[in-house]
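**Student:** When you get a sec, could you give me coordinates for this:
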Amino acid sequence: MKTLLTFLMLTLGVRAADDRVANFSYGTPGQENYEEFSFWVKNNRLAEIQYVYGKDRKTLRLRYLKQDKRHFQVRFPNQLVLLLSPQGNQLRVYDLKGKYAAKTFSWHYEGPVDGVGTFCQACAEDETEAMQLLRQYYFKP
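**Tutor:** Numbering: from 1, shown residues only. Got it, this is the predicted structure:
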């Protein structure tokens, strides 16, 4: 039994180390104006992009389109295309058609607050690590 537990702990630990996510948000969680992007990297490869919005935290999967060293693009299910550009350790989000008001998103902490909550092993630990993850996998030089 002890061997099985050790094996499971080691296996799960290795898997979690391969999965990383950088979360950036705008607004206040639980409010209508809240928006969050989660950029996943799995097995050292670009994986999925999730967009969460609103008071009820509705979730959409976005499609990664193209990139250059200044920005990359994502497409929503309704075909809206947004451009995302780094600004220091923040993320500027905008479109070229004026359908989306430009906003600056900041790194979003996922984890315990004052000892309450669950630790997110896959989450970038700070704004610098989050932006490094984006620059390495989502922005191409």
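
**Student:** neighbours of Ser25, just the number please.
**Tutor:** Each residue near Ser25 was counted by other C-beta atoms under 10 Å, and the total is 20. Any C-beta I mention is one placed from the backbone N, CA and C, and that applies to glycine too.

**Student:** same deal with the one 5 residues further on?
**Tutor:** Summarising burial for Gly30: neighbours were counted as other C-beta under 10 Å, giving 10.

**Student:** Run through the residues that contact the nearest residue to Asp68 once chain neighbours are set aside.
**Tutor:** Excluding the flanking residues, the one nearest Asp68 by C-beta to C-beta, 6 or more residues apart in numbering is Lys140, at 6.6 Å. By C-beta atoms under 8 Å, 6 or more residues apart in numbering, the contact set of Lys140 is 67-69, 72.

**Student:** cool, Asn89 as well?
**Tutor:** Counted by C-beta under 8 Å, 6+ apart, Asn89 has contacts 106-107, 127-128, 130-131.

**Student:** Just those: which are in helices?
**Tutor:** Among these, DSSP state H puts 127-128, 130-131 in helices.

**Student:** Go over the secondary structure and confirm Arg92 is in a strand.
**Tutor:** Yes - under DSSP: H, G, I helix; E, B strand; the rest coil, Arg92 sits within a strand.

**Student:** distance of it from Glu125?
**Tutor:** 22 Å (C-beta to C-beta, to the nearest Å).

**Student:** Let me know the helix or strand that the residue nearest the centre of the chain is in.
**Tutor:** The centroid of the chain falls nearest to Ser38 when counting by C-alpha atoms, centre = their mean (2.1 Å). Using DSSP states H and E, Ser38 maps to strand 35-42.
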